[in-house]
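Peer 1: Test case, fold it:
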Amino acid sequence: MSQPWDYIAKLVCIGDSGTGKSSLTIRLCEGRFSPSHDVTIGVEFGSRIVPVGPPASLELGIDELASDPNNPNPPSDDETTNSNTGLPSPPRKPQTPPIQKRMKLSLWDTAGQETYKSITRSYFRGASGALLVFDISRRSTFISCTQWLQDLRQIAEEGIVVILVGNKMDLAAQQSSGSTANQRQVTQHEAEEWCRLNNVTRYVETSAKSGDGVERAFLEVAERIYRNIEVGKYDLNDRRSGVKGFGASGGKNRGVPRTVTLGMDDAMRKGNGWSGGCC
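Peer 2: Presented below is the predicted three-dimensional model:
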C-alpha cells in the first residue's frame, strides 16, 4: 500500500474578519459554500491532500520557477543531430513519467478579530505558507494587509511563502441584467503592485461562493513550498520549518508514519519543546 502523502505542510489563513477565510478553507476541504458562517473564534482546522510537482504542476504555469536559464530550449525526445559528425543521433528512449508527489496541507483558519490576535498569532510559528486574504469589495481589509504581513513575518520562520488573496471576486462581476453592481474597491493592479512592494510571492483572486480561483490559490502555495523542499530549504525533521516528510520524526521511529492530533490548546503550550510546528 502506497503512502497517502509525501509531505505535510502547515498553512495559515490570515486577514481581517469577514474576508471569507473560513469559506475558502471549507470550499477547498469540503467543496461547498455556506452563505452563512459563524465568526471564527480563535482557530479552526482543516486539511486536504493536493498534488505537487510534475505532471500536475505543469498546469499551474509557474514556469519562472521551473525553467533552466542555462538551457532555455532543451532537446526534445525526437531525433537530434550530432554536432561533431553532422549525422542524426539515435532517438532518445522515452522517459518514465514522474511519480506524482502529494502534499497534505494542514490548514489553520485564524480569527480576524482583534480580540483573538494574541491566540491566532501564536499559530504563525512553524507555518511554511500563508494566504493573506482581503475582501475586494472592502478597501479597509486591503489596507490591513500591511499590518497582517508585518505580524506574520515577525513571528513566522524566515522565507515563509505568502500569497495575497483577493476574495469575493463574484462581487466584482457586473451582470448583463444590471441587477448586480460592480462592488470592487481594490483593483487587480493595486494588489499586484502591493505584492511587488512588499515582496509577496503572488496575487490571486478567488470566489469562495463560486469556487473560482480557490484551488489555484492553495496549489500555488503548495507548489512553491514543494520547490523549496526540492532545493533543500527546509529541515524535514525540524518542526519549526513547518514541513515534514512522510514518517520523518528525527528519532528512533523515523520512517514510521504517525497520526498526530492537534487541538486548540496547542497554541498556548510553552514548554516541553513545542514550537508551534505543523505536526
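
Peer 1: May I have the phi/psi pair for Gly232?
Peer 2: The main-chain torsion angles of Gly232 are listed as degrees, to the nearest 10 and equal phi 80, psi 30.

Peer 1: cool, Val52 as well?
Peer 2: Recorded main-chain torsions at Val52 are phi -140, psi 150, according to degrees, to the nearest 10.

Peer 1: can you pull the contacts of the closest residue in space to it that isn't next to it in sequence?
Peer 2: With Cβ to Cβ, 6 or more residues apart in numbering as the criterion, Val52 has its nearest non-adjacent residue at 3.8 Å, and that residue is Tyr226. Every residue, glycine included, has its C-beta placed from N, CA and C. Contact analysis of Tyr226 by Cβ atoms under 8 Å, 6 or more residues apart in numbering lists 7, 52-53, 57, 101, 103.

Peer 1: Could you identify the most distant pair in those residues?
Peer 2: Using Cβ to Cβ, these span at most 13.7 Å, a distance reached by Tyr7 and Ser57.

Peer 1: any idea which of the contacts of Tyr226 is least confident?
Peer 2: On pLDDT alone, Ser57 ranks lowest of those, at 87.

Peer 1: picking that back up, quick check, the residue nearest to Val52 in a helix?
Peer 2: Yes. Residue assignment for Tyr226, taken from DSSP: H, G, I helix; E, B strand; the rest coil, places it within a helix.

Peer 1: ok, it to Asn167 distance?
Peer 2: Summarising the geometry, the distance separating Tyr226 from Asn167, computed by Cβ to Cβ, to the nearest Å, is 24 Å.

Peer 1: coming back round to it: which members of the contacts of Tyr226 occur in strands, if any?
Peer 2: When those are checked against strands using DSSP state E, the ones located there are 7, 52, 101, 103.

Peer 1: Show me where this structure has its helices.
Peer 2: 21-30, 63-66, 117-120, 139-143, 145-155, 188-197, 214-230 (DSSP state H).

Peer 1: looking at those helices, which one has the lowest mean pLDDT?
Peer 2: If you rank the helices of the chain by mean pLDDT, helix 63-66 sits at the bottom with a mean of 50.

Peer 1: in terms of contact, does Cys128 touch Lys233 like I think?
Peer 2: Quick fix: residue 128 is Ser, not Cys. No. Ser128 is not in contact with Lys233 according to Cβ atoms under 8 Å; the separation is 9.4 Å.

Peer 1: Name the residue in these two with the higher neighbour count.
Peer 2: Neighbour tally, Ser128 and Lys233, criterion other Cβ atoms under 10 Å: the higher count belongs to Ser128, 32 against 14.

Peer 1: how far away is that one from Cys13?
Peer 2: Distance, Ser128 to Cys13, using Cβ to Cβ: 14 Å.

Peer 1: ditto for Met169
Peer 2: 17 Å.

Peer 1: Nearest to Val161, out of the helices of the chain?
Peer 2: Proximity to Val161 (Cβ to Cβ) singles out helix 214-230 among the helices of the chain, at 4.7 Å.

Peer 1: Now do the contacts for the nearest residue to Gln188 once chain neighbours are set aside.
Peer 2: In space, and not counting its chain neighbours, Gln188 is closest to Glu205: 6.7 Å by Cβ to Cβ, 6+ apart. For Glu205, the residues meeting the contact criterion (Cβ under 8 Å, 6+ apart) are 136, 165-167, 169, 188, 191, 212-213.

Peer 1: again, but for Gly53
Peer 2: Neighbouring residues of Gly53 by Cβ under 8 Å, 6+ apart: 98, 100-101, 223, 226, 230.

Peer 1: Save these as a markdown table, and put in distance to Ile26 too.
Peer 2: Output for the contacts of Gly53, formatted as a markdown table (distance: Cβ to Cβ, whole Å):
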| residue | distance to Ile26 |
| --- | --- |
| Pro98 | 32 |
| Gln100 | 26 |
| Lys101 | 25 |
| Glu223 | 22 |
| Tyr226 | 24 |
| Glu230 | 30 |
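
Peer 1: Where does pLDDT dip in the stretch 1-150 of the chain?
Peer 2: Within the stretch 1-150 of the chain, the ranges that satisfy pLDDT under 70 run 1-2, 36-43, 63-94, 111-120.
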